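**Q** Build me a model from this:
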Amino acid sequence: MDRYATWSFQRRSFTLARCRTTGCWSGLPRSSTTADLGPRLRAGIPAVIIPHIIDQFIWGQRVYELSAGPKPVPRTKLTAENLRQALEQAFRDEHLRQSAAALGEKIRAENGVQQAIRLILSG
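**A** Now for the predicted structure:
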C-alpha cells in the first residue's frame, strides 16, 4: 500500500493551486474522492469533464455553462484527439481561464460551512 499517496484536502488544494487545468469525470461535489469537481472549481482552474454516468452529465454541462471548462466529452465518445483538444482549450482559452478564476474566487469567498451552520441554526 505504500505505493499509493493519499489525496487529502490539503494536498489537493496545494496541488490544484499549481495547475493550469484539470480533468475529471465530475462526481457529485463532496470532499471524499479524487474525482470531485468541487475542489477543482474552488481552485479556480478550468475543468475538462468526462462524464459517464448519472449526475456527471449535469455537472459537466453546468461547468460548461459557467464557462469554467470546455464542452464535456462523454466517456463513450472519448478519443485521444478530442481529449487533447479539450485539454488544449482549457489550457489556452483566456475566457475559460478568467471565468474559472472568478468562479473560484466566488466559491472561496462563500464560507460555505459557516453559511450552512447559520442556516441550520436559524431554523
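**Q** And the longest helix belonging to the chain, what does it pack against?
**A** With secondary structure taken from DSSP state H, the chain has its longest helix at helix 94-110. If you count contacts as 3 or more Cβ pairs under 8 Å, 6 or more residues apart in numbering; DSSP states H and E, helix 94-110 packs onto helix 38-43. (Glycine included, C-beta is placed from N, CA and C.)
**Q** Can you list the low-confidence ranges for this structure?
**A** Filtered on pLDDT under 70, the chain yields the residue ranges 1-12, 24-35.
**Q** Please, where are all the helices along the protein?
**A** All helices of the chain, identified by DSSP H, fall at 9-16, 38-43, 56-65, 80-92, 94-110, 112-121.
**Q** Just list the residues touching the closest residue to residue 97 other than its chain neighbours, thanks.
**A** Using Cβ to Cβ, 6 or more residues apart in numbering and skipping the chain neighbours, the partner closest in space to residue 97 is residue 46 (6.1 Å). Going by Cβ atoms under 8 Å, 6 or more residues apart in numbering, residue 46 touches 20-22, 68-70, 90-91, 93, 96-97, 100.
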